[in-house]
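1. Based on what follows, work out the 3D shape:
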Amino acid sequence: ARRCVLATATNGKAPAPEKPPKNGVNDPQPENEPLLTAAEISEILPHRYPFLLVDKIIELVPNERAVGIKCVTVNEEFFQGHFPGNPVMPGVLMVEALAQVGGIILKSGEEHKESSAYLLSLDKVKFRRPVVPGDQIMLQVDAVRIRSRSAHVKGRALVNDQVAAEAEIRYALLPTSRNN
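-> Below is the predicted model:
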């Protein structure tokens, strides 16, 4: 079972690198090497701590597909009230993480680089298993259709190759306001 050992930084800075295991053997995960780090994701998406829910992107095909990773840690703010003594990640935040990966798919292409993606609708949302501290969520999102002013993606959140959540997400694509 893959577990996360990252600690969420409370000051908005990236966490310290992981230490190698005591036995000196690293888990070789070349497929999990980031294409985009949290800092690079922050240059693409407007979200910031504590609402940036994607730690890294490990696969990206602009306007087609992306795979992101979210390491769920016990010190996530939402665990203070969801649920004390039995921490479970809120399902709506899993869907938000999928939506953020979808936003990266859209904004990585040239046509929508300067657009803002706003949620229009959620369809076929299903929650299949709880996500708890220590879990690593793999966020797989595929574009279904991208148009000039709207987009539709399908996403799955997996923990240990088990589907935790899935959803179809539709966005309105609008010009980014420069006044904020």
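
2. which residues in this protein form helices?
-> 38-44, 91-108 (DSSP state H).

3. buried residues in the shortest one?
-> So the one you mean is helix 38-44. Neighbour counts over helix 38-44 (16 or more other C-beta atoms under 10 Å) mark 38, 41-42, 44 as buried. Where you see a C-beta, it was placed from the backbone N, CA and C, and this is true even at glycine.

4. burial measure for the closest residue to His112 other than its chain neighbours, as a count.
-> Counting by C-beta to C-beta, 6 or more residues apart in numbering, the nearest residue to His112 once its immediate chain neighbours are dropped is Leu106, at 4.7 Å. Using other C-beta atoms under 10 Å, Leu106 has 23 neighbouring residues.

5. One more: Ser121?
-> Residues near Ser121, counting by other C-beta under 10 Å: 10.

6. wait, what's in contact with Glu110?
-> Pro62 (C-beta atoms under 8 Å, 6 or more residues apart in numbering).

7. okay, it: pLDDT?
-> Here the pLDDT value assigned to Glu110 is 89.

8. ok, now Asp123?
-> Asp123 is given a pLDDT of 98.

9. Just list whatever residues bridge to the closest residue to it other than its chain neighbours.
-> Sequence neighbours aside, Glu168 is the residue nearest to Asp123 in space, at 4.3 Å (criterion: C-beta to C-beta, 6+ apart). In this entry, Glu168 is beta-bridged to Asp123, Lys154, by DSSP bridges.

10. next one: Gly68
-> When bridges are taken as DSSP bridges, the partners of Gly68 come out as Ile57, Leu139.

11. And for it, the neighbour number?
-> Residues contacting Gly68 under the criterion other C-beta under 10 Å number 30.

12. Please look at it and Lys56 and confirm they touch.
-> Yes: contact criterion C-beta atoms under 8 Å: Gly68 and Lys56 qualify, at 6.8 Å.

13. what distance separates the helix or strand of the chain with the lowest mean pLDDT from the centre of its chain?
-> Least confident helix or strand, the chain: helix 38-44 with a mean of 95, by mean pLDDT, DSSP states H and E. Computed by C-alpha atoms, centre = their mean, to the nearest Å, the chain-centroid distance of helix 38-44 equals 12 Å.

14. just stretch 33-52 next, same as before
-> With C-alpha atoms, centre = their mean, you get 9 Å for stretch 33-52.

15. CA atoms only: put it into PDB for me.
-> What follows is stretch 33-52 as a C-alpha-only set of coordinates in PDB (Å, rounded to 0.1, in the frame of the first residue of the first chain):
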ATOM      1  CA  GLU A  33       8.500  12.000 -10.900                       C
ATOM      2  CA  PRO A  34       6.800  15.300 -11.200                       C
ATOM      3  CA  LEU A  35       6.400  17.000 -14.600                       C
ATOM      4  CA  LEU A  36       5.000  19.900 -12.600                       C
ATOM      5  CA  THR A  37       5.800  20.700  -8.900                       C
ATOM      6  CA  ALA A  38       3.400  22.400  -6.500                       C
ATOM      7  CA  ALA A  39       5.200  25.700  -7.200                       C
ATOM      8  CA  GLU A  40       4.700  25.200 -11.000                       C
ATOM      9  CA  ILE A  41       1.100  24.300 -10.500                       C
ATOM     10  CA  SER A  42       0.700  27.600  -8.600                       C
ATOM     11  CA  GLU A  43       1.800  29.400 -11.700                       C
ATOM     12  CA  ILE A  44      -1.000  27.800 -13.700                       C
ATOM     13  CA  LEU A  45      -3.900  27.700 -11.300                       C
ATOM     14  CA  PRO A  46      -5.200  30.600  -9.100                       C
ATOM     15  CA  HIS A  47      -5.600  28.300  -6.100                       C
ATOM     16  CA  ARG A  48      -3.400  28.700  -3.000                       C
ATOM     17  CA  TYR A  49      -2.900  26.900   0.300                       C
ATOM     18  CA  PRO A  50      -5.100  25.600   1.800                       C
ATOM     19  CA  PHE A  51      -7.200  25.200  -1.300                       C
ATOM     20  CA  LEU A  52      -4.600  24.000  -3.800                       C
END
